[in-house]
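# Need coordinates for the below:
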Amino acid sequence: MKSVQWIFVPILVVASSLTLLYPNFAERELELAVRKEFKQLPEETRKELLSNFAERWKTDYNPKSDWQIEPDPSVFPEQDYYLVKGRFITSAKINQLSQENQELILEPKNKLRPTLVEEYIFGGRPLAIRLGLDLQGGMRVVLKGDFDDYTSKLKDSYTKEIEELTRKKDDAALSEKERKEAQDKLKEIESYFELTPSRKLAELEKAKLIIDNRLTNQNLTEPQVRIQKDQDSIEVSLPGVSNSSQILDIIRNTETVEYRLREPSDSNANSKGTYHDAIELEEMKLMNQGKREETEIVRFQNIVKQKLGKDEQDKFLEAMEKKYNIPEKYKLYVKWSRANNPKASLLPREFVVLERAISLDGKDMRNARESYDQNRLSYYVSFSLTSQGAEKFFDITSKNVGRQLAIVWGDKVISDPVIRSPIAGGNAQIDGEFGQKEATDLANVISEGALPIPLNVLEMRFIGPTLGIESIEVGLKAVLLGFALVIVFMLVIYRLSGLVADIALLVNVIVLMALLSLMGFTLTLPGFAGIILTVGMAVDANVIIYERIKEELVAGKHVSAAVAQGFENAFWTIMDSNVTTLISGILMIKLGNGPIKGFAITLCWGIITSLFTSLFLSRMIMDLLVNKFGVRKLRIGFKKLESKNV
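Numbers count the residues shown, from 1 in each chain. Okay, the predicted model is just below:
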């Protein structure tokens, strides 16, 4: 092996690995965003909050004074953030700062500034290795299924069938058999609304699968999602989450995409026009009297702007339904748009009355994607329909030419085009003056599927390391001590050859940690175990190689030939043992989840790096020592062996 020509390879690998690991040890800068609304609080409240923050900064957040903060935490910053500087700023610590000071800190705006390596080489992508829930803490949230709301939605989807079957059941013109069939079918549908424990569990399983998919799309490598049967709830543990509010919104998002027909032109039997016209007439009266702020659409906009929540919005709409005597078969919604300005906020602009029956829903849609319309300067979402959905869509558009078909996203009407002619083909699109994020979110809802049941937060808390800080420190000391003992053992038994093995072992760990950093891996205790096992396997490979070299030297071969023959003889033995372990690891990655997957990932990458260091790096160094530096004596075991054929 021509080692001199290949010396640049390990040098390049080590240099690249150290570059990747730099963000893990460099001093970081955190922009701890503050709320603009804080200035509007009473002066005494502001002073008390700042005083508490300053006190906790010294006692809880930074007791060892390892970090610096500008300005002083007792002072509200002139900029929009406090600047925190220090090493090892973990996501769990950012969580703690944000959640325990919610009236001061605006969590979604927190920003960990990228290091030079992250900024200029990886475009700002974070490279620091994340620690798992058992090593650094994180967020734990328990979400309870709202089965009452689920039942209400389920009834909406069967409204038309129930109306038709009820009519048949009471129709004296039909035969006894037909009325009996209608009654039996009606009982069958009503049984769908009875939620047995097994039925609830099935819906929770569906929700768990969707939550798993959503968390995977957020690059969370080891989230733990479990069902708690006794509480009809789902427990989610998220290690080191720094944007907990955003993640929680993604988890709980129950928005669906539905098509509902708008009320027909003769829906209001008590007056001319429709229920929508009656609402518009009342709004116009107030506008003409100069009472714009008293109009119901402005009052509803204020509820939205003040972020009073969905419950307040629902109460407002229910009151309006009673006021205008809207019958049970219809439901009041609000159409959202940007008015005539594409840069304006998306706000409720108009009340619309839709049929309660759902004409088409997310189960009939698939393969959604956002696209840009250069003519309208906005995004739209195109999707395809299932075969059953395509038939339903064609049937709806055939029977309702001239009527408006509203597209409802969550509780917002985003578009209500007029049906000009029957639509066939199974492809459709949604136009709604979308920005890119809105179009992406809508496409994700269609593609991933909406949660089958609404989820309410039953419990949410942020937890520290499950083993405790002291236990973790003891564990790290044990790992370092074990690593040191291995190094000492190799030096005592193999001397110069042991030094080569120790260099290879150190490079192995550096390269492995760099790979995990590049992958954005979340390191947990099982992952730690995989790394320790890798160290043992790497040393084992070197022991096998040195024993082969020893056999060649005892047989009287030249050191150079003994080294070459020793590596060649050990090659397939090492490859066979590592490849079989690698196959097992790959199966664990594919079939396992959570801790098992974390262990398997570190094990598999560790096998690859140990093969590189033991079979390539160690051999290259040994070749250099023997062929370039003239080493003729090797101590392997307790015997000093030297070349006999010099």
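# Now do the strands in the stretch 51-200 of the chain.
Assigned by DSSP state E, counting those that start in this stretch, the strands in the stretch 51-200 of the chain fall at 68-70, 81-86, 111-113, 130-131, 138-145.
# if you compare those, which one is most tucked away?
Comparing these by mean neighbour count (mean count of other C-beta atoms under 10 Å), strand 130-131 ranks first with a mean of 24. Bear in mind the C-beta positions are built from the backbone N, C-alpha and C, glycine included.
# Note down every partner strand of that strand and its orientation.
Partners of strand 130-131 in the sheet, by DSSP bridges, are strand 522-523 (parallel).
# for the stretch 301-450 of the chain, which spans come out with low pLDDT?
For the stretch 301-450 of the chain, residues meeting the criterion pLDDT under 70 lie at 339-345, 376-377, 431-434, 437-438, 441, 444-450.
# Mind listing residues that contact stretch 304-313?
300, 303, 347-348, 411 (C-beta atoms under 8 Å, 6 or more residues apart in numbering).
# distance between it and the chain's centre?
26 Å (C-alpha atoms, centre = their mean, to the nearest Å).
# Now it: buried residues?
Neighbour-count burial for stretch 304-313, counted by 16 or more other C-beta atoms under 10 Å, picks out 304, 313.
# Ok, stretch 27-40 next?
Residues of stretch 27-40 classed as buried by neighbour count (16+ other C-beta under 10 Å): 28-35, 38.
# With secondary structure as added columns, please give the residues you listed in CSV.
CSV is the format used below for these (DSSP: H, G, I helix; E, B strand; the rest coil):
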residue, secondary structure
28, strand
29, strand
30, strand
31, strand
32, strand
33, strand
34, strand
35, coil
38, helix
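# And the helices in the stretch 101-250 of the chain, which stretches?
116-120, 133-136, 147-157, 159-169, 176-192, 197-217, 244-252 (DSSP state H, counting those that start in this stretch).
# which helices and strands sit right next to the first one?
Helices and strands in packing contact with helix 116-120 are listed as helix 8-25; criterion 3 or more C-beta pairs under 8 Å, 6 or more residues apart in numbering; DSSP states H and E.
# Output the helix it packs on as CSV, restricted to C-alpha atoms.
Taking C-alpha atoms only, helix 8-25 is exported to CSV below (Å, rounded to 0.1, in the frame of the first residue of the first chain):
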residue,chain,number,x,y,z
PHE,A,8,-4.2,13.3,2.5
VAL,A,9,-7.3,11.1,2.8
PRO,A,10,-7.4,10.7,6.6
ILE,A,11,-6.1,14.3,7.1
LEU,A,12,-9.0,15.5,5.0
VAL,A,13,-11.5,13.3,6.8
VAL,A,14,-10.3,14.4,10.3
ALA,A,15,-10.3,18.1,9.2
SER,A,16,-13.8,17.9,7.8
SER,A,17,-15.0,16.1,10.9
LEU,A,18,-13.6,18.7,13.2
THR,A,19,-15.2,21.4,11.1
LEU,A,20,-18.6,19.7,11.4
LEU,A,21,-18.1,19.3,15.2
TYR,A,22,-17.0,22.9,15.7
PRO,A,23,-20.6,24.3,16.3
ASN,A,24,-21.0,21.8,19.2
PHE,A,25,-18.2,23.4,21.2
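# Of the strands of the stretch 51-200 of the chain, which shows the lowest average pLDDT?
Among these, strand 130-131 carries the lowest mean pLDDT, a mean of 75.
# Run the chain-centre distance for that one.
On C-alpha atoms, centre = their mean, the centre of strand 130-131 falls 15 Å from the chain's centre.
# Likewise for stretch 486-502?
Averaging C-alpha positions (C-alpha atoms, centre = their mean) puts stretch 486-502 44 Å from its chain's average.
# can you dump the C-alpha coordinates of that stretch into CSV?
Taking C-alpha atoms only, stretch 486-502 is exported to CSV below (Å, rounded to 0.1, in the frame of the first residue of the first chain):
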residue,chain,number,x,y,z
VAL,A,486,-9.0,1.0,26.8
ILE,A,487,-6.3,3.4,25.6
VAL,A,488,-4.0,2.5,28.5
PHE,A,489,-4.5,-1.2,28.0
MET,A,490,-3.7,-1.0,24.3
LEU,A,491,-0.5,1.0,25.1
VAL,A,492,0.6,-1.5,27.7
ILE,A,493,0.0,-4.6,25.7
TYR,A,494,0.9,-3.4,22.2
ARG,A,495,3.1,-0.3,22.8
LEU,A,496,3.7,1.3,19.4
SER,A,497,1.0,-0.8,17.7
GLY,A,498,-1.3,0.1,20.6
LEU,A,499,-0.6,3.8,20.0
VAL,A,500,-1.7,3.3,16.4
ALA,A,501,-4.9,1.6,17.5
ASP,A,502,-5.6,4.5,20.0
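# Please identify the buried residues of that stretch?
Residues 486-487, 490, 493-494, 497-498, 500-502 are the ones in stretch 486-502 that count as buried (16+ other C-beta under 10 Å).
# quick one: residue 173 from residue 180, how far?
As judged by C-beta to C-beta, to the nearest Å, residue 173 and residue 180 stand 15 Å apart.
# So for those two, which residue has more residues nearby?
Using other C-beta atoms under 10 Å as the criterion, residue 173 and residue 180 rank with residue 180 on top: 12 against 7.
# how about the nearest residue to residue 56, chain neighbours excluded?
Distance criterion C-beta to C-beta, 6 or more residues apart in numbering; nearest residue to residue 56, sequence neighbours excluded, is residue 100 at 7.2 Å.
# Quick one: the strands in the stretch 501-646 of the chain, in order.
Using DSSP E, counting those that start in this stretch, strands in the stretch 501-646 of the chain cover 522-523, 633-636, 639-642.
# Residue 364 is in contact with residue 383, correct?
No - applying C-beta atoms under 8 Å as the test, residue 383 and residue 364 come out as separate, 9.8 Å apart.
# list the contacts for residue 523?
Applying C-beta under 8 Å, 6+ apart, the residues near residue 523 are 129-132, 135, 516, 598, 602.
# Kindly apply the preceding question to residue 503 instead.
Residue 503 neighbours (C-beta under 8 Å, 6+ apart): 617, 621.
# ditto for the one 5 residues further on
Contact analysis of residue 508 by C-beta under 8 Å, 6+ apart lists 534-535, 538, 606, 609-610, 612-614.
# Can you give me every residue that contacts the nearest residue to it once chain neighbours are set aside?
Spatially, and ignoring its direct neighbours in sequence, residue 508 is nearest to residue 613 (4.3 Å; C-beta to C-beta, 6+ apart). Contact partners of residue 613, counting by C-beta under 8 Å, 6+ apart, are 504-505, 507-508, 511, 538.
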